[in-house]
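Peer 1: Attaching a predicted model along with its sequence, questions to come.
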Amino acid sequence: MSPRRRRRNSDEELLVAFGVLVVVALALVKVGQWVWAHWWILVVLGFLALLLLAGWIYRQVDQMRSARLRVEGLTYSLGQLDAMHYSAFEAAVRDLLARDGSRDALRCGGRGDLGADVKGHDPFGRYWVIQCKHRKKGLDGSAVGTLELQTLNGTGRPVHGGDVVVMVTNGKISRPARVFARQQRLHLVDRRVLEQWARGRRLLWEILPSIPQPGKPP
């Protein structure tokens, strides 16, 4: 392409760009004039946006209040716990932990949970890692054994970073498993302890022996 033709193409591109800028400028002027003439529409839109934001905030606060009311004074009987699906049992343990003052109690059980069904901090800053074992037949169901505690022990502190690692069951725990738990500083909530806790008579960290001393509150 000759220098003259390149220069001509460049001039044409500049003219097109200038024309586009002129059109955009005129459009902005028109929009500005319209906004100036119809300012009240913007006020109405802003008011509606504030209403929507206020409604969203109210729903969030209401959900938090409902969650708080749901766990305040929460109690379960052993019959209720026995009748639950295992996932509902995990949710009940989470709610009991929240009732006792854990603000971040979380049910995390399921595939890939790595031995933790419920986690959360107590009011003193200790991090609780809880594994739940639900037995449909209660005491007549199979006992929680050493193998299940070994799994919890292998992940409760090394993987999840728990300060207090707990096994909770509505059934029973075998004698060898209890020995292993003492050796590994694991805490056990069997049917007897669960009944005390679920009925709200005492906080879980008041029931269990040898709980680590709390650190600095969060």
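Peer 2: On my side now, so go ahead.
Peer 1: biggest helix in this structure by residues?
Peer 2: The single longest helix within the chain, with elements called by DSSP state H, is helix 3-37.
Peer 1: Which helix or strand lies directly C-terminal to the helix or strand bottoming out on mean pLDDT in the chain?
Peer 2: One helix or strand of the chain scores below all others by mean pLDDT, DSSP states H and E: helix 39-71, with a mean of 70. Proceeding N to C from helix 39-71, the next assigned helix or strand is helix 78-82, under DSSP states H and E.
Peer 1: Residues in contact with the helix or strand just after that following helix: which ones?
Peer 2: Proceeding N to C from helix 78-82, the next assigned helix or strand is helix 86-99, under DSSP H and E. Identification of contacts with helix 86-99 by CB atoms under 8 Å, 6 or more residues apart in numbering yields 67, 70-74, 76, 81, 84, 105-107, 109, 117-118, 120, 122, 128, 130, 132, 134, 168, 170, 197-198, 200, 204. In this view, the C-beta of every residue, glycine as well, is placed from N, C-alpha and C.
Peer 1: What subset of those residues is buried?
Peer 2: Using 16 or more other CB atoms under 10 Å as the burial test, the contacts of helix 86-99 include 71, 76, 81, 84, 105, 107, 109, 117-118, 120, 122, 128, 130, 132, 134, 168, 170, 197-198, 204 as buried.
Peer 1: Low-confidence stretches in the protein?
Peer 2: 1-11, 42, 58-72, 109-113, 215-218 (pLDDT under 70).
Peer 1: Now do the domain split for it, please.
Peer 2: Structural domains assigned to the chain are 3-70, 75-207, following automatic domain parsing.
Peer 1: Start and end of the longest one, how far apart?
Peer 2: The first and last residues of domain 75-207 sit 16 Å apart, counting by CA to CA, to the nearest Å.
Peer 1: and that domain, how far from the chain's centre?
Peer 2: 18 Å (CA atoms, centre = their mean, to the nearest Å).
Peer 1: show me what contacts the residue nearest to Arg126 when sequence neighbours are not counted?
Peer 2: Distances taken as CB to CB, 6 or more residues apart in numbering put Asp163 closest to Arg126, at 4.3 Å, once the chain neighbours are dropped. Contact analysis of Asp163 by CB under 8 Å, 6+ apart lists 126-128, 212, 215.
Peer 1: Out of these, which is nearest to Lys30?
Peer 2: Nearest to Lys30 among those, counting by CB to CB, is Tyr127 at 60.9 Å.
Peer 1: For that closest one, what are phi and psi?
Peer 2: phi -100, psi 120 (degrees, to the nearest 10).
Peer 1: Repeat that for Lys119.
Peer 2: phi -140, psi 150.
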